[in-house]
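> Output the structure for:
(one chain, ligands or ions: 1)
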Amino acid sequence: MTIPISVIWKDEQLTILDQRLLPQTVHYETLETLEQVHEAIFQLKVRGAPAIGIAAAYGLALAAKRHDTADVGLFRHRVKKDADYLVASRPTAVNLAWAIARLVNRIEQAKTVTQAKAQLIEEAQLIRDEDEAACRNIGELALELLADKEKVMTICNAGSIATAKYGTALAPFHLGQERGREFEVYACETRPLFQGARLTVWELQQAGVDVTLITDSMAAHTIGAKGIEAIIVGADRITANGDTANKIGTLNLAILAHAYGIPFYVAAPVSTFDLSLETGSAIPIEERAAEEVAAIGTQQIAPAGTKVFNPAFDVTPANYITAIITERGVIRPNDRQIIEAQLYAEPLKGETI
Ligand SMILES: CSC[C@H]1O[C@H](OP(=O)(O)O)[C@H](O)[C@@H]1O
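Reported below is the predicted structural model:
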């Protein structure tokens, strides 16, 4: 049984698991240029808020190695241009902009280009390592919240391949598996790109976790028919009041959880919070190509030229969220003071990796 990894930095090379090809093909692709990293993020070869941030961070450091100047000011200017290009690859997941900003800020005081290049790689590695530790802490806290729960539903893939390792929403299932905790996970297929059917099912099967696939439209019936006890999802951006953007279809599950009276948990590292936004209405929602809805792969399912609305995310209001599970603790939304306190509190002395 294995916990799959999707972003690998080895011998100063960036290699990613091409998630578009899963589950039929497990293919790792080495990315060598800024353009290749930008495209990999835009095309969802690498996807999932934290994984996008990690891949972009390594991509920026990799591209910077090619800037051939001894002028550290000019070097910083070129890195900033590269940074803006990468951040533009996808708008909703705040981890992308957050990770890139960490690297740009890290070299602000660099004295030489050589020092700056080393700092970029170091910061990217830090971001990756912190995310793995954060996901493990999230898994520990989620296991506590799910102590008396067995049947849990999720949507999209907020798993190990969407992060450095372990995942956020799927972290309790991976850690539980390590400790003999049995869960029955119900994975929504997650149209239109099927991250649930293709990625979450594959990832949990790799790890030996009991997973059942349902269509998104089956969620309401399944909660009643199967006695689902909780719903746990990832996040792409969480605002100051706890409103949460996540994969399209998440809001449906939050409303269903409210209607059925079961807990609805959001699992996300603090790097997913954007306190500059007061409420979820300010979160940019990525709209993607019509073909993703009107066809499945090369199979056209709607008449050619059909008008399509294809938002990749929706926003769940904080009052539908039972708790947000972060590596620094469990936050009950709707109270900015609590959220700010948690975010700026000392990191949990979680288990080190
Ligand atoms: C921990 S992954 C967070 C989040 O990212 C996914 O979106 P996408 O597959 O489009 O990158 C999904 O919303 C996950 O819940």
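> Only C-alpha atoms from now on, for both contacts and neighbour counts.
OK.
> and the residue of the stretch 51-200 of the chain found nearest the ligand, what does it touch?
In the stretch 51-200 of the chain, the residue that lies nearest the ligand is A158 (3.8 Å; C-alpha to the nearest ligand atom). By C-alpha atoms under 8 Å, 6 or more residues apart in numbering, the contact list for A158 reads 48, 167-170, 200, 233-235.
> repeat for D82
By C-alpha under 8 Å, 6+ apart, D82 lies in contact with 34, 60, 63.
> Looking at those, which are in helices?
Per DSSP state H, helices hold the following members of these: 34, 60, 63.
> from what I can see I3 touches A164, true?
No - if you go by C-alpha atoms under 8 Å, I3 and A164 don't touch, sitting 10.8 Å apart.
> residue ranges with poor pLDDT in this structure?
The chain contains residues with pLDDT under 70 at 345-353.
> How is the protein divided into domains?
Domains of the chain are assigned by automatic domain parsing as 7-132, 145-344.
> how long is the first one end to end?
In other words, domain 7-132. Using C-alpha to C-alpha, to the nearest Å, one end of domain 7-132 lies 12 Å from the other.
> hmm, that domain in reach of the ligand?
Yes - Domain 7-132 lies within reach of the ligand by C-alpha under 6 Å from any ligand atom, at 47-50.
> who wins for neighbours among those?
With neighbours taken as other C-alpha atoms under 10 Å, the top of those is P50, carrying 35 neighbours.
> Remind me which helix or strand that residue belongs to.
helix 49-64 (DSSP states H and E).
> Please tell me I have it right and K247 contacts E287.
No - taking contacts as C-alpha under 8 Å, K247 lies outside contact range of E287: 11.6 Å.
> Which residue of these two possesses the greater neighbour count?
A side-by-side neighbour count of K247 and E287, using other C-alpha under 10 Å, places K247 first with 24 against 14.
> Quick check: the gap between the more buried one and the ligand.
Applying C-alpha to the nearest ligand atom, to the nearest Å, the value for K247 to the ligand is 4 Å.
> What sits closest to that residue if chain neighbours are left out?
Nearest residue to K247 in three dimensions, chain neighbours excluded: F313, at 4.3 Å (C-alpha to C-alpha, 6 or more residues apart in numbering).
> ranges for the helices of this structure?
34-42, 49-64, 72-87, 94-106, 113-145, 171-178, 201-207, 219-226, 250-260, 291-294, 336-344.
> most tightly surrounded among those?
By mean neighbour count, with neighbours taken as mean count of other C-alpha atoms under 10 Å, helix 49-64 ranks first of the helices of the chain at a mean of 28.
> next one: that helix to chain centre, how far?
On the basis of C-alpha atoms, centre = their mean, to the nearest Å, helix 49-64 sits 14 Å off its chain's mean C-alpha point.
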